[in-house]
Every structure is written in structure tokens, then in C-alpha cells.
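Enquirer: pasting a predicted model and its sequence here:
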Amino acid sequence: MKPKKNSLSDLGGIMYSTNPEFEYEEEVDDTVTSQNNHQDLRVMLDKKNRGGKAVTLITGFRGRTEDLEVLGKMLKTKCGVGGSVKDGEIMIQGDVRDKVMGILQKDGYKVKKAGG
């Protein structure tokens with residue numbers, strides 16, 4: 001997931017170029033995504049705005065959206081349930097917090113249980 005740009009200085013100094021051959025290349029920091037132990041993930045149970053149904057919510061992933069989608073697919077497959085990846089969060093259907101935490105810890109992620 002790309003970090004949010006809040007000000008003009010976050011854009012790296014380039015706002016507009018009249019050069020028709022100019023191509024802006026944004027640098028992507030792959031060092032965080034290549035090392036799972038630098039990820040600090042939170043696993044929580046969420047029932048809000050879901051008609052009373054519980055989902056396990058994984059937040060705190062830093063890196064590319066593609067990597068987040070791969071992680072979400074792997075978790076859904078290993079838990080044997082459905083879910084989705086939206087807005088930088090992984091939603092897994094049902095209360096499978098302990099199972100998800102075990103899977104993530106085996107893969108080397110730093111994981112904490114959050115919420116009630």
C-alpha cells in the first residue's frame with residue numbers, strides 16, 4: 001500500500017513538467033516487504049456494520065498492495081474460509097484470530113492481538 005501524500009513536499013518536489021519526454025518514477029521501498037519480521041501486524045475481531053457477523057481483521061501491513069493481496073489469499077486458503085482485502089486491511093470471515101496469529105508467526109511476522 002502506498003503511503004498517503006498529505007502535502008506538496010510529499011510529492012518529491014516534482015509538480016509539473018513541460019517536457020513531453022519527462023517520466024516520473026516513484027521509488028518503492030521493498031525493504032519492508034522483503035522482511036516479514038519488520039512487519040508489525042494487529043489481529044482483531046470486528047463485528048461493526050456487518051449485521052452481527054464476525055470477521056477477523058488484520059491491519060498494519062506496510063508494503064505494496066499486491067503483496068497484501070498475496071498474504072490475504074494465503075491466509076484465506078490456510079484457514080479454509082472466505083474474506084477480502086480492502087483499504088490496506090485483510091478481512092477473514094469468522095473468528096479465526098488464533099489460527100491467523102499462528103500462521104503469521106510461522107511466516108516470521110510480528111503479530112499482536114488487538115481489541116477485546
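Expert: Arrived safely, thanks for sending. Numbers count the residues shown, from 1 in each chain.
Enquirer: nearest residue to the middle of this protein?
Expert: Taking Cα atoms, centre = their mean, the centroid of the chain lies closest to F61, which sits 3.6 Å from it.
Enquirer: can you confirm that one is in a helix?
Expert: No - counting by DSSP: H, G, I helix; E, B strand; the rest coil, F61 is not part of a helix but coil.
Enquirer: just the buried positions in the longest helix along the chain, please.
Expert: Longest helix of the chain, by residue count under DSSP state H: helix 65-79. For helix 65-79, the neighbour count (16 or more other Cβ atoms under 10 Å) marks D67, L68, L71, G72, L75, K76, C79 as buried. All C-beta spots, glycine's among them, are computed from the backbone N, C-alpha and C.
Enquirer: residues contacting it, please?
Expert: With contact meaning Cβ atoms under 8 Å, 6 or more residues apart in numbering, helix 65-79 is reached by 1-2, 33, 58, 61, 82-85, 88, 90, 92, 94, 96, 99-100, 103-104.
Enquirer: between the longest strand anywhere in the chain and helix 65-79, how many degrees?
Expert: Criterion DSSP state E: the longest strand present in the chain is strand 40-46. Interaxial angle of strand 40-46 relative to helix 65-79 (axes from the mean of the first three to the mean of the last three Cα atoms, to 10 degrees): 60 degrees.
Enquirer: partners of strand 40-46, with directions?
Expert: strand 55-59 (antiparallel), strand 110-113 (parallel) (DSSP bridges).
Enquirer: return the most buried member of these.
Expert: strand 55-59 (a mean of 22; mean count of other Cβ atoms under 10 Å).
Enquirer: got the strands paired with strand 40-46 as CSV, with mean pLDDT and distance to Q39 columns?
Expert: Shown next, in CSV, are the strands paired with strand 40-46 (pLDDT from 0 to 100; distance: least, Cβ to Cβ, whole Å):
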stretch, mean pLDDT, distance to Q39
strand 55-59, 92, 10
strand 110-113, 89, 6
